[in-house]
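model this:
(one chain, ligands or ions: 1)
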Amino acid sequence: MKLTITNLSKQYRRDFFGLKDFSLELTPGITGLLGPNGAGKSTLMRILATINQPTSGTVLWNDVDIVKSPDTLRAVLGYLPQDFGIYPNLNAVEFLEYMAAIKGLDSKAARRRIEELLQVVNLVEAAKRPLGGYSGGMKQRVGIAQALLNDPQLLIVDEPTVGLDPEERVRFRNLLTDLSGDRIIILSTHIVSDVEAAASEIVMINRGRKLQHAAPEQLLTLLDGKVWQWVISADKLPELKREYLVSGVLRRENGMQVRVVSETAPAPQAECVAPSLEDVYLREVSQEGASK
Ligand SMILES: Nc1ncnc2c1ncn2[C@@H]1O[C@H](COP(=O)(O)OP(=O)(O)OP(=O)(O)O)[C@@H](O)[C@H]1O
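From the prediction side, this is the model:
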């Protein structure tokens, strides 16, 4: 089972590409697609979900071209789009039955699958309540349930934690981890903590281009010996930000504890600390365009 993306580009205007020369090979497990707003994440996911067509490049699902033969992938695809709309007057069972019918599932098999899925997403008790009264997290769990109706081999979830409170976000992350098994899951987000625990591989993207693709622990090694921490007085912060990439600031009793990414010690009292994925992400996004 593999998804092979080669030199994929999507041109929106004469001088603007939403995605540019993007190549990637994915195998089972969770891949976190991490990038700021407007980076090109949805553009990529909509092409992979066979909703949009690329301007150039290819996507192969087990060596079959998904642009020429979209149905091969559609049969085994689950997709939770960013702007997933629910029907507020339907309850979860009615909604899932409706989605199963759209997907062409046999109604008896669908009923069994819906019962199973309501357990998986922990919505058995709320199953007969109208979706309009659900919390953000519950709506996203119904969204995942509809994406899982056909037991997909490729599951694409686009910014699923937007609008969720911290507890719901953790619950949703755990749910995805439980689902990983023998399928390819692509999870897009601009929030580092959404992917650092769950994803076995992370792809960083900005301005339509791939910046990095590696396991989280490999990415951390990029900044070994390059993250520094010390305390400064608050009035020195603007100057520090002009000169260095400041990846974190914490208020302390004796001033501001700053975290800085720098090749060499930025101050005599700066202590070298272990890099975080957030440091790597900020460095990649800020360095992009500059020479590395
Ligand atoms: N249909 C379109 N026509 C023109 N430009 C578009 C279109 N769709 C997206 N874009 C632009 O392409 C770029 C990438 O957008 P995309 O939605 O893929 O980013 P994203 O990483 O998913 O960010 P967000 O989370 O903010 O949606 C953005 O600059 C966006 O404005």
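
Domain map for this protein?
When the chain is parsed with automatic domain parsing, its domains come out as 3-214, 225-274.

average model confidence for the last one?
Confidence for domain 225-274, expressed as mean pLDDT, is 96.

if we compare the domains of the chain, which one ends up closest to the ligand?
Of all the domains of the chain, it is domain 3-214 that lies closest to the ligand, at 3.2 Å by CB to the nearest ligand atom. Where C-beta positions appear, they are placed from N, C-alpha and C, glycine not excepted.

which residues of the chain fall in strands?
Using DSSP state E, the strands assigned to the chain run over residues 3-13, 16-26, 29-34, 56-61, 64-65, 77-80, 154-158, 184-189, 201-206, 209-214, 227-232, 245-252, 255-261, 271-272.

residues in contact with the third one?
Under the contact criterion CB atoms under 8 Å, 6 or more residues apart in numbering, strand 29-34 has outside partners 41, 44-45, 176-177, 180, 184-190, 192, 194-196, 198-205, 281.

What's the end-to-end length of stretch 127-138?
10 Å (CA to CA, to the nearest Å).

any idea how far it is from the chain center?
With CA atoms, centre = their mean, to the nearest Å as the basis, stretch 127-138 stands 23 Å off its chain's centre.

Looks like residue 79 contacts residue 42 (just checking).
No - checked against CB atoms under 8 Å, the pair residue 79 and residue 42 is beyond contact range at 11.5 Å.

Find the residues that touch each one of these two.
Taking CB under 8 Å, 6+ apart as the criterion, residue 79 and residue 42 both touch residue 158.

which of the contacts of strand 29-34 are close to the ligand?
By CB under 6 Å from any ligand atom, the members of the contacts of strand 29-34 lying near the ligand are residue 41.

Near the ligand, which residues of the stretch 151-292 of the chain are found?
residue 159.

Retrieve the pLDDT associated with residue 111.
The per-residue pLDDT reported for residue 111 equals 94.

So which residue is dead centre in the protein?
residue 188 (1.8 Å; CA atoms, centre = their mean).

that older thread, would you mind saying which of the strands of the chain lies nearest residue 143?
Across those, residue 143 has its closest neighbour in strand 77-80 (4.6 Å, CB to CB).

List the contacts of that closest one.
Under CB under 8 Å, 6+ apart, the answer for strand 77-80 is 45, 49-50, 140, 143-144, 146-150, 152-158, 160.

Provide the contact partners of stretch 162-171 at residue level.
Contact partners of stretch 162-171, identified using CB under 8 Å, 6+ apart, comprise 82, 135-137, 140, 161, 172, 194.

ranking those residues by neighbours, who comes first?
Within the contacts of stretch 162-171, neighbour counts (other CB atoms under 10 Å) peak at residue 140, which reaches 26 neighbours.

Could you count how many residues lie near the residue lying closest to it once chain neighbours are set aside?
Counting by CB to CB, 6 or more residues apart in numbering, residue 140 lies nearest to residue 160, which is 5.4 Å off, once chain neighbours are set aside. For residue 160, the neighbour count with other CB under 10 Å is 26.

Let me see the contact set for residue 160.
Neighbour list for residue 160: 80, 140, 143-144, 172, 176, 187, 189 [criterion: CB under 8 Å, 6+ apart].

what's the closest non-adjacent residue to residue 121?
Leaving aside its chain neighbours, residue 121 sits nearest to residue 141 (4.0 Å; criterion: CB to CB, 6+ apart).

I'd guessed that neighbour sits against residue 124; true?
No - proximity of residue 141 to residue 124 does not meet the contact threshold set by CB under 8 Å, at 11.3 Å.

Specify which residue of those two has the higher count of neighbours.
Each of residue 141 and residue 124 has its neighbours counted (other CB under 10 Å); residue 141 has more, 24 against 12.

Distance check, residue 203 against residue 93.
Per CB to CB, to the nearest Å, residue 203 is found 36 Å from residue 93.

Please compare those two by neighbour count and tell me which comes out ahead.
The neighbour count for residue 203 versus residue 93, taken as other CB under 10 Å, is higher for residue 203 (23 against 15).

mind exporting the lowest-mean-pLDDT helix or strand in the chain as CSV, just the C-alpha atoms?
Scoring the helices and strands of the chain by mean pLDDT, DSSP states H and E places helix 166-179 at the bottom, with a mean of 85. Below are the C-alpha coordinates for helix 166-179, written out as CSV (Å, rounded to 0.1, in the frame of the first residue of the first chain):
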residue,chain,number,x,y,z
PRO,A,166,-7.6,21.4,24.5
GLU,A,167,-9.3,18.4,25.9
GLU,A,168,-11.2,17.6,22.7
ARG,A,169,-8.0,18.1,20.8
VAL,A,170,-6.2,15.5,22.8
ARG,A,171,-9.1,13.1,22.5
PHE,A,172,-9.2,13.5,18.8
ARG,A,173,-5.5,12.9,18.5
ASN,A,174,-5.8,9.7,20.5
LEU,A,175,-8.6,8.6,18.3
LEU,A,176,-6.4,9.0,15.2
THR,A,177,-3.6,7.0,16.8
ASP,A,178,-6.0,4.2,17.6
LEU,A,179,-7.1,4.2,13.9
